[in-house]
Every structure is written in structure tokens, then in C-alpha cells.
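Build me a structure from this.
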Amino acid sequence: MEMTHFIGIDIGSTCSKTIVMDAEGQILHRLLRPTGWSSVETADLILEELKGLGISPDTCRVVSTGYGRAAVPYAAKNVTEITCHARGACHIFGTDDLTVIDIGGQDTKLIVVQGGQVTDFLMNDKCSAGTGRFLEVMANTLSVRLEELCSLARRGGGVSISSMCTVFAESEVTGLIGRGESRENIAYAVVNSIVRKVASQAGRLKLDQTVCLTGGLCEFGYLRDQLGKALHCSVISGPDGRYAGAAGAALSAVRL
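Residues are numbered from 1 along each chain as shown. As a prediction, the model looks like this:
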């Protein structure tokens with residue numbers, strides 16, 4: 001039976017993204033859901049969503065990636081996150097030469113792509129500092145949503161967090177709250193902490209080409225602007241940036 005849909009599923013530690021493409025690489029559908037406690041259950045729910053769109057497993061080819069890629073039994077292939085994020089970012093941003101900064105829930109990936117091929121990468125998966133999880137913990141401590149945290153940070157300044165460990169940083173934030181520091185200034189310190197961590201990682205790579213931000217934080221304009229200042233370059237992004245891994249997996253499905 002002829003394949004009419006090519007699907008990429010990126011099961012991350014926090015969020016799961018699904019992209020449905022046609023044979024020409026046009027994005028037909030975007031699906032987003034929390035991963036929850038079970039990647040297997042999430043994969044089953046995604047399959048039900050696809051069926052609800054009238055997409056039959058018999059007429060589609062699926063490639064999975066991400067933290068829970070092995071939990072997708074109906075995937076024809078599992079592909080690494082590095083490959084999928086690079087491939088998807090090139091497709092989304094329309095260039096084969098770029099550096100990808102992907103701030104995920106539990107890790108941060110920096111990927112150098114030249115001529116459409118990965119030539120270098122770094123991955124922080126030992127500590128949640130510099131990740132979406134870090135921001136989430138800090139936002140909870142301040143009793144605000146992530147979007148509010150970045151909005152507050154834009155109006156703050158003059159405060160810094162010295163620790164790069166999430167546990168100790170949270171303790172510092174609690175101390176700042178206790179001494180009456182404003183939410184704006186604390187939010188500024190939190191975002192600045194992530195920017196410094198990512199910029200420190202990026203300093204080990206040669207940033208002489210387009211730099212794009214992907215992952216769940218890609219639409220946070222203040223974070224992107226601050227990252228650009230720290231890296232002394234323009235950092236581009238867009239709404240589809242968070243789907244880069246899933247888009248790369250879908251493109252891999254087209255190529256199978």
C-alpha cells in the first residue's frame with residue numbers, strides 16, 4: 001500500500017511532539033502533549049490522536065526519536081536526537097549550515113551542522129542547570145508560569161545566582177525571596193543563570209554561522225535576546241522550533 005503520511009514522534013522527558021508530513025516534506029499536522037510518567041502510554045495516546053485525524057497505520061511510516069523513542073512500537077525506526085534535531089532545524093529554518101541550540105526539559109544540546117551534516121555537538125545531560133526543568137523549578141518557587149518568569153525577567157536586573165546546581169540555586173532564590181528581593185530581579189537572575197550556562201557550553205564551539213534556538217523555550221523572546229547578547233550573535237527561532245526533533249524524524253521517515 002502506498003504511504004501517504006510520514007510521521008516523526010519526538011518523545012521528550014517533559015513534552016512529546018508529533019509532526020505529520022507528506023512525501024514532499026510539507027507539514028500537515030502538529031501534535032503536542034505532556035509525556036507524563038509513561039512513554040509507552042504517551043505513544044499509545046499519540047496513535048489514537050493520529051487515528052482521530054484519519055491517519056491509518058497502514059498508510060503511514062513512523063520514525064521516533066527523543067528520550068522515549070524506544071517506547072513507540074509502531075515506529076519503523078528509532079533515530080538519535082542529534083540527527084533528528086539537526087535535520088529538522090535545517091528544514092524549518094531553510095539552511096543546511098547552522099548551529100542548533102536545543103534547550104530541552106532535561107538536557108541542552110548544541111549541534112553544529114554544515115552542508116546538512118552534523119560536524120560537532122555537545123550535550124549536557126548530567127545536570128538540569130541550563131535546561132527547561134531548571135526554569136520550571138524556579139518558576140514554581142516564584143509561583144509564576146514560565147511565560148510570566150521571562151516577562152518579569154525583562155523588567156528586572158542587578159541580581160545574580162552564583163550556583164549552577166538546581167538544588168543550590170533554588171536555595172539561593174529562597175534566600176533572595178526571604179530578604180525581600182523583587183520577583184522581577186529574581187526572575188532576571190534565573191534567566192541570566194541559564195543564559196550563562198548555555199553560553200559557557202557554546203563557547204567550546206565555533207559560532208560563525210546561523211544560530212537557531214529550538215525546544216520548548218524557543219518562543220521566549222527575552223531568553224532568546226539575552227542568549228544572542230551573550231553569544232555576540234543573532235539567535236533566530238520560530239513557532240516550529242520546538243518541533244525540530246519531530247520534524248527531523250518525519251523527514252527520516254520520508255527517506256526510508
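
Any stretches of the stretch 101-250 of the chain with poor pLDDT?
125-130, 164 (pLDDT under 70).

try 80
105-106, 124-133, 163-168, 204, 206-207 (pLDDT under 80).

the strands in it, which residues?
108-114, 117-124, 210-214, 235-236 (DSSP state E, counting those that start in this stretch).

Please convert those strands to TSV, extending it with distance to V159.
Quick note: C-beta positions are derived from backbone N, CA and C, even for glycine. Formatted as TSV, the strands of the stretch 101-250 of the chain follow (distance: least, Cβ to Cβ, whole Å):
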stretch	distance to V159
strand 108-114	23
strand 117-124	24
strand 210-214	24
strand 235-236	23
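
Highest mean neighbour count across those, which stretch is it?
Of all those, strand 210-214 has the most neighbours on average by mean count of other Cβ atoms under 10 Å, namely a mean of 23.

Just checking: what are the partner strands of it?
Under the criterion DSSP bridges, strand 210-214 sits next to strand 98-103 (parallel), strand 235-236 (parallel) in its sheet.

picking that back up, and the strands of the stretch 101-250 of the chain: which comes nearest G180?
G180 lies closest, by Cβ to Cβ, to one member of the strands of the stretch 101-250 of the chain: strand 108-114, at 32.2 Å.

Let's check: the centremost residue of the protein is which one?
Nearest to the mean C-alpha position of the chain, by Cα atoms, centre = their mean, lies G215 at 1.7 Å.

Identify the residues contacting that residue.
102-104, 132, 241-242, 244 (Cβ atoms under 8 Å, 6 or more residues apart in numbering).

Out of those residues, which comes closest to C84?
A244 (7.6 Å).

how close does the closest one get to C60?
Using Cβ to Cβ, to the nearest Å, we find A244 at a distance of 20 Å from C60.

Can you tell me who the spatially closest residue to R69 that is not a sequence neighbour pairs with across the strands?
Using Cβ to Cβ, 6 or more residues apart in numbering and skipping residues adjacent in sequence, the residue nearest R69 is N78, 4.4 Å away. Assessed by DSSP bridges, N78 has beta-bridge partners S64.

mind listing what's buried in stretch 48-60?
Under the neighbour-count criterion of 16 or more other Cβ atoms under 10 Å, stretch 48-60 has 50, 55, 60 buried.

who touches it?
Contacts for stretch 48-60 (Cβ under 8 Å, 6+ apart): 1-7, 18, 20, 29, 31, 33, 47, 74.

From start to finish, how long is that stretch in a straight line?
One end of stretch 48-60 sits 14 Å from the other (Cα to Cα, to the nearest Å).

Report the mean confidence score over that stretch.
Average pLDDT, stretch 48-60: 90.

wait, is R30 part of a strand?
Yes. Assigned with DSSP: H, G, I helix; E, B strand; the rest coil, R30 falls within a strand.

R242 is in contact with that one, correct?
No. Counting by Cβ atoms under 8 Å, R30 stays clear of R242, with 9.3 Å between them.

shared neighbours of these two, anything?
Contacts common to R30 and R242, judged by Cβ under 8 Å, 6+ apart, are K17.

Who has more neighbours out of those two?
R242 (26 against 15; other Cβ atoms under 10 Å).

Please enumerate the helices of the stretch 51-200 of the chain.
Ranges of helices within the stretch 51-200 of the chain are 81-93, 132-141, 146-154, 166-178, 183-202, based on DSSP state H, counting those that start in this stretch.

so which of the ones you listed gets nearest Q209?
helix 81-93 (11.2 Å).

taking the strands paired with strand 210-214 together, which one is wrapped up most tightly?
Among the strands paired with strand 210-214, highest average neighbours (mean count of other Cβ under 10 Å) belong to strand 98-103, with a mean of 26.
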